[in-house]
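K.L.:
coordinates for the following, if possible.
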Amino acid sequence: MNSDQGFGESFRLDGRLALVTGASRGIGLGIAQAMAEAGADVLLMARESPELRKAEAKLKGTGRRVAAAPFDMHEYAGAAAWYERLVNEHGCPDVLVNNAGITKRAPAEELPLADWEEVLAVNLSAVFALSQAFARHLMALGRPGKIVNIASLMTAAARKTTAAYTASKGGIGQLTKALAVDWAGKGIHVNAIAPGYVDTDLTAALSSDAAFDSWVKQRTPLGRWGSPVDIARPAVFLASAASDFITGQILYVDGGWMATF
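P.N.:
Below you'll find the predicted structure:
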């Protein structure tokens, strides 16, 4: 962090360009909005959809430069070429938030191998490919950068029928550490946020189930579901100069879930 920078200013993202994946809704959209409000220009990456364009229109209201950047993480083998086009059109991002992910649920003995491979491809291999493209461009320019990976409670624990998702998020935890170690000397910080249960449109079926809702609230020491803003605020912190002596860490933003049993 620049020693001349004021304390409050160290949490700002003015002059930064942030790329957020899975940004059309939920946690990704919340992070993108928070980064724009903190002063960053923002690129919203998700599969092309009306939701992506709606998110783009919403964030343009922040007054920052905002653009949709459609890409399907299933096509991660083409991530490097896509990223090259992105840089040519919008400039080189300073911040990468790897939020996009999928899940396929089934008892482990019944999970189709194709489902296993799809989840690992999108949730882990694609994150590596995009992080690699991000880092290579910054290294070529001699510029620092920040990567924030979105992990999970299942980075450290597991629930039934989540073998593929749990393996992918466990991998995200270790990938975060590996990239942090490899790239520390290049000024690229890599950290992860592991959310607890967050109330979004993607979890609406769970939060509307009275029994499951009660279980989450009783199991969480703070007694509530998280919200996208609960994840967005620490994401801004990890993207900012305020976190310049932090790398290779997994921050559990879970209402105390991992602290008790």
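
K.L.:
helix/strand/coil for the residue lying closest to Ala38 once chain neighbours are set aside?
P.N.:
Spatial nearest neighbour of Ala38, excluding adjacent residues (CB to CB, 6 or more residues apart in numbering): Leu13 at 4.3 Å. To be clear about C-beta, it is placed using only N, CA and C from the backbone, and glycine gets the same treatment. Under DSSP: H, G, I helix; E, B strand; the rest coil, the three-state class of Leu13 is coil.

K.L.:
quick check, Leu13 in contact with Glu37.
P.N.:
No: the pair Leu13 / Glu37 is not scored as a contact, 9.1 Å apart, by CB atoms under 8 Å.

K.L.:
those two: which is more packed in?
P.N.:
Shown here are Leu13 and Glu37; by other CB atoms under 10 Å, Leu13 has more neighbours (24 against 16).

K.L.:
enumerate every residue touching that one.
P.N.:
Applying CB atoms under 8 Å, 6 or more residues apart in numbering to Leu13 gives the contacts Met35, Ala38, Gly39, Ala40, Val95, Val236, Ala239, Ser240.

K.L.:
quick one: these as TSV, columns for pLDDT and distance to Glu51 too.
P.N.:
Formatted as TSV, the contacts of Leu13 follow (pLDDT from 0 to 100; distance: CB to CB, whole Å):
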residue	pLDDT	distance to Glu51
Met35	98	18
Ala38	98	23
Gly39	98	25
Ala40	98	21
Val95	99	22
Val236	98	23
Ala239	98	23
Ser240	98	27
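
K.L.:
secondary structure element for Ala32?
P.N.:
In the assignment (DSSP states H and E), Ala32 maps to helix 26-37.

K.L.:
correction: the previous question concerned Ile147.
P.N.:
Counting by DSSP H and E, Ile147 is part of strand 145-150.
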